[in-house]
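Peer 1: need a structure here:
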Amino acid sequence: MRLELLPLIVGALVALVGIGLVADALLPDDTFVAVERRRRVRAPRSPRGELLVGLGVLLMAAALLGRDVWAYGNIAVFAGTALILVGAVMNWRFLRELFSFRGALRRSEGGAPPTADRKESRRIR
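Peer 2: Numbering: from 1, shown residues only. So this is what the prediction gives:
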């Protein structure tokens, strides 16, 4: 395999991710999962923000696929970065919950972590 093909392969994979994000933003929310199984309501996601992130990823893929011969590669990278950042800001609450939530789903009825309840029941008196 020639080394010049590596940006094309990576660009095609990044383009598939971008197409997936755009498709997920445009499809209705109940297409794949009909019933929500979580105990609490998720933070709402912004379909417009997800669409912007998908378009930004597609611009990054275009810059990778264009390699050094495409005259608009720098513009595509700057525009893609801006779209990804704006989309991330529009989905800030959803992303924050996705990456850092450690709340009610990991706690027992009394508010203590579930491991503390198990330790109390195992203790020999």
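
Peer 1: Any figure for the gap between the residue nearest the centre of the chain and V89?
Peer 2: Residue closest to the average C-alpha location in the chain (Cα atoms, centre = their mean): L95, at 7.3 Å. Between L95 and V89 the computed distance is 9 Å (Cβ to Cβ, to the nearest Å). (Glycine included, C-beta is placed from N, CA and C.)

Peer 1: Need the overlap of contacts for those two.
Peer 2: Common contacts of L95 and V89 (Cβ atoms under 8 Å, 6 or more residues apart in numbering): none found.

Peer 1: thinking again about what came up before, output the strand or helix carrying the residue nearest to the centre of the chain as PDB - backbone C-alpha positions only.
Peer 2: Counting by DSSP states H and E, the element that carries L95 is helix 92-100. Extracted C-alpha coordinates of helix 92-100, given in PDB (Å, rounded to 0.1, in the frame of the first residue of the first chain):
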ATOM      1  CA  TRP A  92     -23.700  21.500  25.500                       C
ATOM      2  CA  ARG A  93     -26.200  20.200  28.000                       C
ATOM      3  CA  PHE A  94     -26.500  16.900  26.200                       C
ATOM      4  CA  LEU A  95     -22.700  16.500  25.900                       C
ATOM      5  CA  ARG A  96     -22.100  17.400  29.500                       C
ATOM      6  CA  GLU A  97     -24.600  14.800  30.700                       C
ATOM      7  CA  LEU A  98     -23.200  12.200  28.300                       C
ATOM      8  CA  PHE A  99     -19.600  12.600  29.500                       C
ATOM      9  CA  SER A 100     -19.800  13.600  33.100                       C
END
